[in-house]
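>>> How does the following fold in three dimensions:
(chains A, B, C and D)
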There are 2 protein chains.
Amino acid sequence: MTREEKIVDKALEMFNERGIEYVGLRELAAALGIRVGNLTYYFPTKDDLVNRLAQDLSRLNDQLGGAATPDLFSFLERFRKVCEHQIRYRCLLLSVVHLMERNRVLSETYKETEKKRFGSIVGGLSALRQAGYLNPDADTGFLVSVFTLTARFWISEASISFRHLSPREHIHHYAALVAKLFLPYATEKGREDIRRFINGLS
Amino acid sequence: MTREEKIVDKALEMFNERGIEYVGLRELAAALGIRVGNLTYYFPTKDDLVNRLAQDLSRLNDQLGGAATPDLFSFLERFRKVCEHQIRYRCLLLSVVHLMERNRVLSETYKETEKKRFGSIVGGLSALRQAGYLNPDADTGFLVSVFTLTARFWISEASISFRHLSPREHIHHYAALVAKLFLPYATEKGREDIRRFINGLS
DNA sequence: GCCGGTTTAGGACATTGTCCAAATTCAAGT
DNA sequence: ACTTGAATTTGGACAATGTCCTAAACCGGC
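The predicted model follows:
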């Protein structure tokens, strides 16, 4: 394990624990047994370190495979997996608003991947409709909007309102929420997938 | 206009413009033509100033009246008005996660008012069901969850993804979103209110 | 006209992210 | 084995931050 990897690991651990903006570089360095200047050798600025974490999360999500969502169950299951990744990098999502405001690099790459992700969701829903999981007249614009809002901020709301619950319970709650979102727009085949997904959560 | 009011006004203006954590007390003081120490006379800490703003917003929302939501249209209209208040105090909502983590006073009062607000929404929906605007079998737990998530974070998402649009357009988008959320669970009478509300947005 | 509380000024303090120059380590080349 | 040059580490400087404190100025009531 290289020193750079150790820095990334420890940073992620401490950022998740106490929040990105509340972990000083001096604390991080002390926890690693090195000096601050040494930290800035590998990551010239704190933002560079944060960008690295964001890149890691993005790669993790990309590994989940492309837009191949043959059925509604897989679509929901994919959302659940993304939620697990988000928990591992929760510090990023809890600070997403500030990061987008101040960190230009992150802001542009995030916007790019979000655009791609958005397109993939729209395509996925339209595929689900064609495959007979969603009603032909389902308002996909509405569904995508609520879906992306939830995917972005569920973890923020959980940190505010459900701090006493475990990550597993958080995911359970919000995954079920998204599943129920599709319920009124699903065909009988789709409703079957939704029931199966919700039953599998517990 | 007392000096204290001037401070609150200017602080809100600058916080909204550039974000709470990125406006230094020295800048705020300079903009007001006073010294930092003078600022801390009225508000010993920055958090005290933020708490004051939160209190003002809370009062503003309370002025909208209690849980009296006789029909679905009024319920949605009330949401729209809350959105307008939130825009006036948007700095608070954009930092809500960090504020809840660090500011103990705000955290407790917020939790209190949110609990009250939550109960009022649950009661409102149940009243709408009894009044024949929502189907008897509507999943109010689901509706409340999505509704509160949207109410809390729509402005954060807008600041990230729809920065090029105006506040009016933001409200239009998210108010319509919430309205559509109720559509599948509404009776014919309820759908009529939803249509009327959406038409009135433009 | 003085007095006591209110308000203002100015600076000290520790902490933050960033930056830099010197010192040290280390592997490759001769 | 010795040298060279790059990679790494060190320690401290810097400006900016939120907070705190003391002394000065103000100002209305006696």
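>>> can we go C-alpha only for contacts and neighbour counts from here?
OK.
>>> Run through chain A and note the low-pLDDT ranges.
Low-confidence segments of chain A, defined by pLDDT under 70: A:66-69.
>>> Quick one: name the residues of it near DNA strand C.
A:21-27, A:36-37, A:40, A:44-47 (CA under 7 Å from any atom of the strand).
>>> Could you dump those residues into TSV and include secondary structure?
Shown next, in TSV, are these (DSSP: H, G, I helix; E, B strand; the rest coil):
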residue	secondary structure
A:E21	helix
A:Y22	helix
A:V23	coil
A:G24	coil
A:L25	helix
A:R26	helix
A:E27	helix
A:V36	helix
A:G37	helix
A:T40	helix
A:P44	coil
A:T45	coil
A:K46	helix
A:D47	helix
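>>> Reformat those into CSV and put distance to A:Y89 and neighbour count next to each item.
Formatted as CSV, the entries for those read as follows, by distance: CA to CA, whole Å; neighbours: other CA atoms under 10 Å in any protein chain shown:
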residue, distance to A:Y89, neighbour count
A:E21, 15, 13
A:Y22, 16, 13
A:V23, 15, 15
A:G24, 18, 14
A:L25, 19, 18
A:R26, 21, 14
A:E27, 19, 16
A:V36, 23, 15
A:G37, 25, 13
A:T40, 22, 15
A:P44, 21, 12
A:T45, 19, 13
A:K46, 16, 15
A:D47, 15, 16
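>>> Please list which of those residues are also close to DNA strand D.
A:36-37.
>>> closest to DNA strand D among the residues of chain A next to DNA strand C?
Distances from DNA strand D to these, taken as CA to the nearest atom of the strand, are shortest for A:G37 (3.5 Å).
>>> so what's the closest residue to A:E84 other than its chain neighbours up against?
Nearest residue to A:E84 in three dimensions, chain neighbours excluded: A:I171, at 7.6 Å (CA to CA, 6 or more residues apart in numbering or on different chains). The contact partners of A:I171, by CA atoms under 8 Å, 6 or more residues apart in numbering or on different chains, come to A:80, A:83-84.
>>> Which neighbouring elements make contact with whichever strand or helix holds A:Y41?
If you go by DSSP states H and E, A:Y41 is part of helix A:36-42. Packing partners of helix A:36-42 (3 or more CA pairs under 8 Å, 6 or more residues apart in numbering or on different chains; DSSP states H and E): helix A:25-32.
>>> Show me what the helix it packs on is in contact with.
A:6-7, A:10-11, A:14, A:35-36, A:39, A:46.
>>> B:A138: which of those residues is nearest?
A:M14 (42.8 Å; CA to CA).
>>> That closest one touches A:G24, doesn't it?
No. Applying CA atoms under 8 Å, one finds A:M14 not in contact with A:G24, separated by 9.8 Å.
>>> Against A:A151, how distant is A:D139?
18 Å (CA to CA, to the nearest Å).
>>> Which one's more surrounded, the two?
A:A151 (19 against 13; other CA atoms under 10 Å in any protein chain shown).
>>> Quickly find the element holding that one.
A:A151 belongs to helix A:140-161, assigned by DSSP H and E.
>>> C-terminal to that helix, what's the next element?
helix A:167-182.
>>> what angle do the helix or strand just after that following helix and helix A:167-182 make?
Next along the chain after helix A:167-182, taking DSSP H and E as the criterion, comes helix A:188-201. Interaxial angle, helix A:188-201 versus helix A:167-182 (axes from the mean of the first three to the mean of the last three CA atoms, to 10 degrees): 170 degrees.
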